[in-house]
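>>> Next one to model:
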Amino acid sequence: MLWPRRVAFIKRSASLINPPFLFLMMMHTKIETLMTLL
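Presented below is the predicted three-dimensional model:
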């Protein structure tokens, strides 16, 4: 992907915070990817 730093940040925060937050972050990245494709 184009943002390895952001992915690393998401993984780091995922290990610190509960799974629902991780799910929201994953959805956010998916939406962001769709926006960049458009």
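
>>> got any ranges where this structure has weak pLDDT?
Residues of the chain meeting the criterion pLDDT under 70: 1-3, 13-19, 22.

>>> Name the helix or strand for A8, please.
Following DSSP states H and E, one finds A8 within helix 4-16.

>>> Please pull up the helix or strand immediately following that helix.
Sequence order places helix 19-37 as the next helix or strand after helix 4-16, per DSSP H and E.

>>> got the CA positions of that next one in PDB?
Taking C-alpha atoms only, helix 19-37 is exported to PDB below (Å, rounded to 0.1, in the frame of the first residue of the first chain):
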ATOM      1  CA  PRO A  19     -11.300  -4.800  18.700                       C
ATOM      2  CA  PRO A  20     -14.300  -2.600  17.900                       C
ATOM      3  CA  PHE A  21     -11.900   0.400  17.400                       C
ATOM      4  CA  LEU A  22      -9.800  -1.800  15.200                       C
ATOM      5  CA  PHE A  23     -12.900  -2.600  13.100                       C
ATOM      6  CA  LEU A  24     -13.700   1.100  12.800                       C
ATOM      7  CA  MET A  25     -10.100   1.900  11.700                       C
ATOM      8  CA  MET A  26     -10.300  -0.900   9.100                       C
ATOM      9  CA  MET A  27     -13.500   0.500   7.700                       C
ATOM     10  CA  HIS A  28     -12.000   3.900   7.600                       C
ATOM     11  CA  THR A  29      -9.000   2.700   5.600                       C
ATOM     12  CA  LYS A  30     -11.300   0.800   3.200                       C
ATOM     13  CA  ILE A  31     -13.300   4.000   2.600                       C
ATOM     14  CA  GLU A  32     -10.100   6.000   2.200                       C
ATOM     15  CA  THR A  33      -8.900   3.500  -0.400                       C
ATOM     16  CA  LEU A  34     -12.100   3.800  -2.300                       C
ATOM     17  CA  MET A  35     -11.900   7.600  -2.200                       C
ATOM     18  CA  THR A  36      -8.300   7.500  -3.600                       C
ATOM     19  CA  LEU A  37      -9.400   5.200  -6.300                       C
END
